[in-house]
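> my questions are about this predicted structure, shown below with the sequence.
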Amino acid sequence: MKVLVIGGGGREHAICWALGRSARVTEVVCAPGNAGIAQGARCVAVDVGDLAAMVAVVEAEQPGLTVVGPELPLSLGVVDELTRLGFRVFGPTQAAARLETSKSFAKEFMRLNEIPTAAYAVCTTLEEVREELPRFSVPVVVKADGLAAGKGVVICQTHHHAERAATELFSGVLLGVEETEVVIEEFLDGEEVSFFALCDGRHAVALAAAQDHKRVGEGDTGPNTGGMGAYTGDGLLSAEMSAWLLKNVAQRVVDEMALEGTPFQGILFCGMMMTPQPASRPGTPGMTPRKDGALGNVQPMVLEFNTRFGDPETQAILVRLETDIVELFEAAIDGTADRLEIKMRPGASVCVIAASGGYPGKYVSGREISGLDSVGDPDVVVFHSGTAIKDGEIVTAGGRVLGVTAVSRATSLAPGTASGPGSAGGSPLWDALGKAYGAMAGISFEGMQFRGDIGWRALRDGL
């Protein structure tokens, strides 16, 4: 079948790459795509912020399946319109996507349905912000209600800083658009985990877990970004914790959305904070035991929902996916996710983002990228996030430019063997990191920046 993917970032490149490995796919079309996607798929120009234009592309191409990658088309109702026209589409409806497109809706949904999340207040004016702030200790989190490409969250160390952040969100100074609602939220401490579930409107099925690195600087310093890297691995979550998240978060979302008449079909990204809880509280599942045992007892709390594959987590997840990705998409559409067996390659994988200098602030595009042809390791894939063709050369065309992604061949740490990037017998994550950073060393463009500590928490804890 012909499959059309809407979007043009690293997530969409990974989806196109996975589709290209499917025996059921005869052609992959991507709208609009990028320079990397164009190497394996046919790209068609489109503005993903223009509903009519996207529908026109699908009508012209007549694909057997359409996959919506980014959140913006979901917020515009592209799934609703294409479904109305009789196309098979993977992704949630506009109403179901409110779990991501409106943080105030998501917080109220969680409160009503007893899904664990931080205390919050929704404010529509700066006066309301000033009234609510004294209820919150510092640090306190200020969030844009709408879509913000991962940049709408500000962690504030003082109430004055929080008021200033809210002012900049309401005025449009911070994001370039004026927010009509701002969410003030209790700051949660702990480790973040991205939990992905495949949903078909009735069933939620665990897909994978990953850990993202949002801050631009090493050691988790500097401003938030769309994500500077991510890793996955067999030891990230215990089977018990995965089952708890599936039952108490993902499946509860699916159940309650169905009751509200807005069934959720697609990928549900549950952004979790694993907050420490007193050991005296029995019955709460723990993460996989670490060497120091510090995270033996945690209370999972939802930070946010996304209603599509995450970026860069998707790159790391899909290089480990052994199940045909078309089967995932069709199960979500047909309501058969509960019958699907999802298989992941054992071990670990990692995606390291190469970004433009200045990102997540102002940056310059059009920088020629060198060294892409130097990557020869079959366990490494370079996914393009923001690239274009200029005068026959691949150049930068975004803040996040490349996602150097590697998967391990090692499945465990052999007793008595040394571990380190690329070392024989090393842990799966070390193995994947060695390959990713080895490939990154051969790639360059003016101003290129990347974090050298992706996966540091897992390495610290011996995973």
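Looks like it came in fine. Residues are numbered from 1 along each chain as shown.

> now do the contacts for the nearest residue to residue 118 once chain neighbours are set aside.
Leaving aside its sequence neighbours, residue 118 sits nearest to residue 186 (Cβ to Cβ, 6 or more residues apart in numbering; 4.0 Å). C-beta: built from backbone N, CA, C; applies to glycine. Counting by Cβ atoms under 8 Å, 6 or more residues apart in numbering, residue 186 makes contact with 118-120, 136-137, 140-141.

> kindly report the same for residue 103.
Applying Cβ under 8 Å, 6+ apart, the residues contacting residue 103 are 143-146, 183, 304.

> from the residues you listed, which one has the minimum pLDDT?
pLDDT across the contacts of residue 103 is lowest for residue 146, at 86.

> for that residue, pull up the helix or strand it's in.
Under DSSP states H and E, no helix or strand contains residue 146.

> also residue 309?
Judged by DSSP H and E, residue 309 forms part of no helix or strand.

> that one reaches residue 13, doesn't it?
No: Residue 309 is beyond contact range of residue 13, at 11.5 Å (criterion: Cβ atoms under 8 Å).

> the more surrounded of those two?
A direct count of neighbours by other Cβ atoms under 10 Å for residue 309 and residue 13 places residue 13 higher, at 36 against 25.

> find the nearest non-adjacent residue to that one, please.
For residue 13, the spatially nearest residue (Cβ to Cβ, 6+ apart) is residue 383, at 4.3 Å.

> in the helix or strand bottoming out on mean pLDDT in the chain, what counts as buried?
The weakest-scoring helix or strand in the chain, judged by mean pLDDT, DSSP states H and E, is helix 456-460 (a mean of 78). With burial defined by 16 or more other Cβ atoms under 10 Å, the residues of helix 456-460 counted as buried are 456-459.

> and which of those residues is nearest residue 435?
Taking Cβ to Cβ as the measure, residue 459 is the one of those closest to residue 435, at 15.1 Å.

> how near is that closest one to residue 211?
12 Å (Cβ to Cβ, to the nearest Å).

> from the chain's centroid, how far away is stretch 317-333?
16 Å (Cα atoms, centre = their mean, to the nearest Å).

> quick one: average pLDDT of that stretch?
98.

> swap in stretch 374-384?
96.

> what's the spacing between that stretch and its chain's center?
The answer for stretch 374-384 is 21 Å, by Cα atoms, centre = their mean.

> and if you look at stretch 373-393?
When distances are taken as Cα atoms, centre = their mean, stretch 373-393 is centred 21 Å away from the chain's centroid.

> and for stretch 152-165?
Centroid displacement of stretch 152-165 relative to its chain, using Cα atoms, centre = their mean, is 24 Å.

> how long is that stretch from one end to the other?
One end of stretch 152-165 sits 10 Å from the other (Cα to Cα, to the nearest Å).

> could you list the low-pLDDT ranges of the stretch 1-150 of the chain?
149-150 (pLDDT under 70).

> can you give me the strands in it?
Ranges of strands in the stretch 1-150 of the chain, per DSSP state E, counting those that start in this stretch, are 2-7, 27-32, 42-43, 65-68, 89-90, 120-123, 140-144.

> ok, now how distant is residue 393 from residue 13?
18 Å.

> sorry, back to before: got a quick PyMOL command for the buried subset of the contacts of residue 186?
Applying 16+ other Cβ under 10 Å to the contacts of residue 186, the buried members can be selected in PyMOL as follows:
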select buried, resi 118+120+136+140+141
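
> from the contacts of residue 186, which two are the most distant?
The largest separation in these, counting by Cβ to Cβ, is between 120 and 137 at 13.6 Å.

> tell me how the chain divides into domains.
For the chain, automatic domain parsing gives the domain ranges 2-91, 119-186, 191-339, 348-460.

> follow-up on the earlier one: phi, psi of the residue nearest to residue 118?
Residue 186 adopts backbone torsions of phi -60, psi 140, taken as degrees, to the nearest 10.

> equivalent analysis for residue 77, please.
Per degrees, to the nearest 10, the backbone of residue 77 is at phi 90, psi 30.

> name all residues that make contact with it.
Contacts of residue 77 by Cβ under 8 Å, 6+ apart are 51, 93-94.

> dump these into a markdown table; add distance to residue 71 as well.
As requested, the contacts of residue 77 are exported to a markdown table (distance: Cβ to Cβ, whole Å):
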| residue | distance to residue 71 |
| --- | --- |
| 51 | 14 |
| 93 | 13 |
| 94 | 11 |
